[in-house]
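Student: Turn this into a structure:
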Amino acid sequence: MTIGQVLFKQAAVNYNKIGTPYDISVLGILIIAGAMYIASSGLWVWALRYVEISKAYPYFALGFVFVPLLGAWLFGEVLTIRYGLGVLLIIAGVVMTGSS
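Tutor: Predicted coordinates for the structure are as follows:
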């Protein structure tokens, strides 16, 4: 899902530059992002066959770590110290809930 979010952002950037959602650089990326969401949903269902949802679900929170980091790296978005502190709390929460 993380890559899907980054692709949605890229589609939005391309849309702003081009001005139409029907260009391949917008529509094509949206289709790929949607396919990534479908694939990740399938992988999620597969994973839940082997892992309890209470153990697996906290790892979704890591998207709140990786998506903004990729946004900063790929799109030049600015991250703050508060964001860094929040990331530490998220990681601590995932570790605590994932190992219980």
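
Student: show me the contacts for the closest residue to residue 70 other than its chain neighbours.
Tutor: Leaving aside its chain neighbours, residue 70 sits nearest to residue 6 (5.1 Å; criterion: C-beta to C-beta, 6 or more residues apart in numbering). Bear in mind the C-beta positions are built from the backbone N, C-alpha and C, glycine included. By C-beta atoms under 8 Å, 6 or more residues apart in numbering, residue 6 lies in contact with 67, 70-71, 74.

Student: Let's see if you can find the most crowded of these.
Tutor: Highest neighbour count within these, by other C-beta atoms under 10 Å: residue 67, with 18 neighbours.

Student: Now name the helix or strand holding that residue.
Tutor: Residue 67 is part of helix 63-75 when elements are defined by DSSP states H and E.

Student: quick one: average pLDDT of that helix?
Tutor: Confidence for helix 63-75, expressed as mean pLDDT, is 94.

Student: Name the surrounding residues that touch it.
Tutor: Outside helix 63-75, the residues touching it (C-beta under 8 Å, 6+ apart) are 1-2, 5-6, 9-10, 13, 77-79, 83, 86-87, 90-91.

Student: repeat that with 10 Å
Tutor: 1-6, 8-10, 12-13, 77-79, 83, 86-88, 90-91, 94 (C-beta atoms under 10 Å, 6 or more residues apart in numbering).

Student: Buried ones among those?
Tutor: The neighbour-count test (16 or more other C-beta atoms under 10 Å) marks 1-6, 8-10, 87, 90, 94 as buried among these.

Student: Packing partners of the one helix or strand in the chain whose mean pLDDT sits lowest?
Tutor: Least confident helix or strand, the chain: helix 53-56 with a mean of 88, by mean pLDDT, DSSP states H and E. For helix 53-56, the packing partners by 3 or more C-beta pairs under 10 Å, 6 or more residues apart in numbering; DSSP states H and E come out as helix 24-48, helix 81-98.

Student: The same query, at a cut-off of 6 Å, please.
Tutor: Contacts defined by 3 or more C-beta pairs under 6 Å, 6 or more residues apart in numbering; DSSP states H and E place helix 53-56 against no helix or strand at all.

Student: still on that earlier bit, in terms of pLDDT, where does the residue nearest to residue 70 sit?
Tutor: Reported pLDDT for residue 6: 95.

Student: Good, we can wrap up now.
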